[in-house]
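Trainee: quick one, what's the 3D model for this:
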Amino acid sequence: MTPTELIDLLVEAQMLVEESAGVFGWKPTMKKIEAFANIVAAKEREACAKVCEEHPDGLNMLGGAYIACAKAIRARGEQT
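Mentor: A predicted model of the protein is given here:
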């Protein structure tokens, strides 16, 4: 993850708030930290699922096991 991507995720979780042009204030709370962790986990799950889907043997004799794996990875985000 690049520094720019990390900053974008912090902004998405509302931990970094732009107070004026290019000036960010640090506004962490436990709720926002949890939101940030969930956002990061979701991005990682999606990246892993895409690796499965893009595997060159994705539709081989395993009967679509790579696709099933990608679905299982994404389903982890729906668990509570």
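Trainee: only C-alpha atoms for contact and neighbour calcs from this point on.
Mentor: Fine.
Trainee: Ile33 - how many residues pack around it?
Mentor: 16 (other C-alpha atoms under 10 Å).
Trainee: mind listing the helices for the protein?
Mentor: For the chain, the helices defined by DSSP state H cover 3-12, 30-53, 65-75.
Trainee: dump those into CSV; add mean pLDDT and distance to Phe24 as well.
Mentor: Shown next, in CSV, are those (pLDDT from 0 to 100; distance: least, C-alpha to C-alpha, whole Å):
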stretch, mean pLDDT, distance to Phe24
helix 3-12, 87, 9
helix 30-53, 90, 16
helix 65-75, 86, 32
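Trainee: among the ones you listed, which is nearest Val23?
Mentor: helix 3-12 (12.1 Å; C-alpha to C-alpha).
Trainee: contacting residues around Glu53?
Mentor: With contacts defined as C-alpha atoms under 8 Å, 6 or more residues apart in numbering, Glu53 is in contact with Tyr66, Ile67, Ala70.
Trainee: got it, and Lys27?
Mentor: With contact taken as C-alpha under 8 Å, 6+ apart, Lys27 is in contact with Gln14, Met15, Leu16, Val17.
Trainee: now the first one, nearest residue through space, not along the chain?
Mentor: Leaving out its chain neighbours, the residue that sits closest to Gln14 by C-alpha to C-alpha, 6 or more residues apart in numbering is Lys32, at 6.6 Å.
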